[in-house]
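# Starting from these lines, generate the structure:
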Amino acid sequence: MAFSRNLYRWAPQIRAEDGFVRLVWGLGTRAVDRVGNDYPRLIALSHPLLRPSTDAREVVRYSQQFVDLIDLDENAFRTLPVHEVLDADYPPLRYLAQVDEDGYFVSLRSAILGQEQNKLVLTFDEMLSRTPFAEWMRSTLKVLETTYHAPVDVEFTAQINSDRSGGVNLSLTILQCRPQSQLQQTESESLPSTLSKEDIIFSTEFMVPQGHLDQIHYVVYVDSRGYFSLPTQADRTSLARTIGKLNAAMANEQFICIGPGRWGSANSDLGVPIAYGDIYHTRALVELAGEGYGLPPEPSLGTHFFQDLLESQIYPLAIQLDDSRSQFNNEFFTESPNRLLEWLPDAGSLTGTLKVIRVEDYAPRSHLKVVMNDEIGKAVAFLVRD
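Here you go, the predicted structure:
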């Protein structure tokens, strides 16, 4: 997937107008769907080699681990670990993968891999540095945006072959182009400089968009311990449907949703298995990650789920609770009364997992405000007295 506007910059030098790419090897399902057990390569086209993290362990952790493919012998779609498919005979290998040498990545210079095959990491760095891919994508997106008179998103394929002289032969095929879903443009709002720690409900510096929400009176909260204690898939599906009922019941209220893991994933072990139809009245979807809360947050930029959120002007946020820069007011979430049964009297079996928090119960005559500032890369939710 390629987008002519980068709505979520992870570094201040990234130029939003140059766009970004969500790139995977194999079939494109891992680029357009929110796959719970894997990560695509996110590429800011203004700075193609700039990663959200430069830590080698995180580069490996957030690299693509599985590949979706067609098994020609079995005539079936399959998903396999990348190391079962990558080998030295694969012609584009040196452009897609590098060898992890205990903290740094070495480009392939030989067709003989040996034990290094299990150390291969799909970085796409050689493709980005030795082919015109990023330049072509930037210019293609600018032409399409100019022609559409609006930002666009594109589904495409890229194929790399070697020519007779040993040079690289890159070809791009455009599969689909449409106007890009966007959050409404709002003026930058500065964070209050005098906020007390007690007034901050949460803060995060993980890929923050631009915008603000005011007059939030309710928080729909899924407790992580309660959620991961649910014994069956049916119980977790029932929770997701109950959230959908809450979404309908609270249609006239200003609320946000907060809970563990990757919401919208088909794998309930990784997060709440809601669909877009279960949360479309919320103003923001805040995913919690960290020990006891689920996997590290995945920037779901470009997935169909992400596009649905943007089209409804729902702000996606994530809080990495293991990050020292993050703040999370546990008292607000654990000590506030649960008003779930006032909205859904038949949901008594879920009161240990699903909570409806009225902000006024925690801080009388107050509401919640969320300020998201992409210039400094920080979002803060805080109490405001009425």
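# Now do the strands in the stretch 101-250 of the chain.
Along the stretch 101-250 of the chain, the stretches classed as strands by DSSP state E, counting those that start in this stretch are 105-107, 120-122, 152-162, 168-179, 200-204, 211-216, 218-222.
# count of residues packed around residue 13?
Applying other CB atoms under 10 Å, we find 9 residues neighbouring residue 13. C-beta coordinates here come from the backbone N, C-alpha and C atoms, glycine included.
# Backbone dihedrals for it, please?
Residue 13 adopts backbone torsions of phi -80, psi -10, taken as degrees, to the nearest 10.
# what does residue 76 give?
Backbone torsions of residue 76, given as degrees, to the nearest 10, read phi -150, psi 150.
# That one: what's it in contact with?
By CB atoms under 8 Å, 6 or more residues apart in numbering, residue 76 lies in contact with residue 70.
# Residue 323 too?
Counting by CB under 8 Å, 6+ apart, residue 323 touches 205, 206.
# on that earlier part again, any idea which of the strands of the stretch 101-250 of the chain gets closest to residue 66?
Residue 66 lies closest to strand 120-122 among the strands of the stretch 101-250 of the chain, at 10.3 Å (CB to CB).
# In terms of secondary structure, what does that closest one contact?
When contacts are defined as 3 or more CB pairs under 8 Å, 6 or more residues apart in numbering; DSSP states H and E, strand 120-122 sits against strand 97-100.
# Within its sheet, name the partner strands of the strand it packs on and how each one runs.
Strand 97-100 has these partner strands in its sheet, going by DSSP bridges: strand 105-107 (antiparallel), strand 120-122 (antiparallel).
# Next, the buried residues of stretch 139-156.
Neighbour-count burial for stretch 139-156 flags 140, 141, 144, 145, 151, 152, 153, 154, 155, 156 (criterion: 16 or more other CB atoms under 10 Å).
# In a markdown table, list the residues you listed along with distance to residue 371 and pLDDT.
Output for the buried residues of stretch 139-156, formatted as a markdown table (distance: CB to CB, whole Å; pLDDT from 0 to 100):
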| residue | distance to residue 371 | pLDDT |
| --- | --- | --- |
| 140 | 35 | 96 |
| 141 | 30 | 96 |
| 144 | 33 | 96 |
| 145 | 29 | 95 |
| 151 | 24 | 90 |
| 152 | 29 | 92 |
| 153 | 27 | 88 |
| 154 | 32 | 93 |
| 155 | 34 | 93 |
| 156 | 36 | 95 |
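# quick one: low-confidence parts of this protein?
Within the chain, the segments meeting pLDDT under 70 span 33-37, 110-115, 163-166, 182-188, 292, 294-307, 310-311.
# domain parsing for it?
Domain ranges of the chain: 2-179, 197-385, per automatic domain parsing.
# hey, which of the ones you listed is tucked in deepest?
Highest mean neighbour count among those (mean count of other CB atoms under 10 Å): domain 197-385, with a mean of 18.
# for that domain, how far is the first residue from the last?
Taking CA to CA, to the nearest Å, domain 197-385 runs 15 Å from one end to the other.
# roughly how far out does it sit from the chain middle?
15 Å (CA atoms, centre = their mean, to the nearest Å).
# so what's residue 109 up against?
Taking CB under 8 Å, 6+ apart, one finds residue 94 in contact with residue 109.
# Relative to residue 131, how far out is it?
Separation of residue 109 from residue 131 (CB to CB, to the nearest Å): 17 Å.
# next one: residue 91
In terms of CB to CB, residue 91 sits 14 Å off from residue 131.
# who touches both of those two?
Common neighbours of residue 91 and residue 131 (CB under 8 Å, 6+ apart) are residue 160.
# tell me which of the buried residues of stretch 139-156 is nearest to residue 116?
residue 156 (30.6 Å).
# beta partners of the closest one?
Here residue 156 sits in beta bridges with residue 174, as judged by DSSP bridges.
# Check the spacing between it and residue 144 real quick.
Applying CB to CB, the value for residue 156 to residue 144 is 11 Å.
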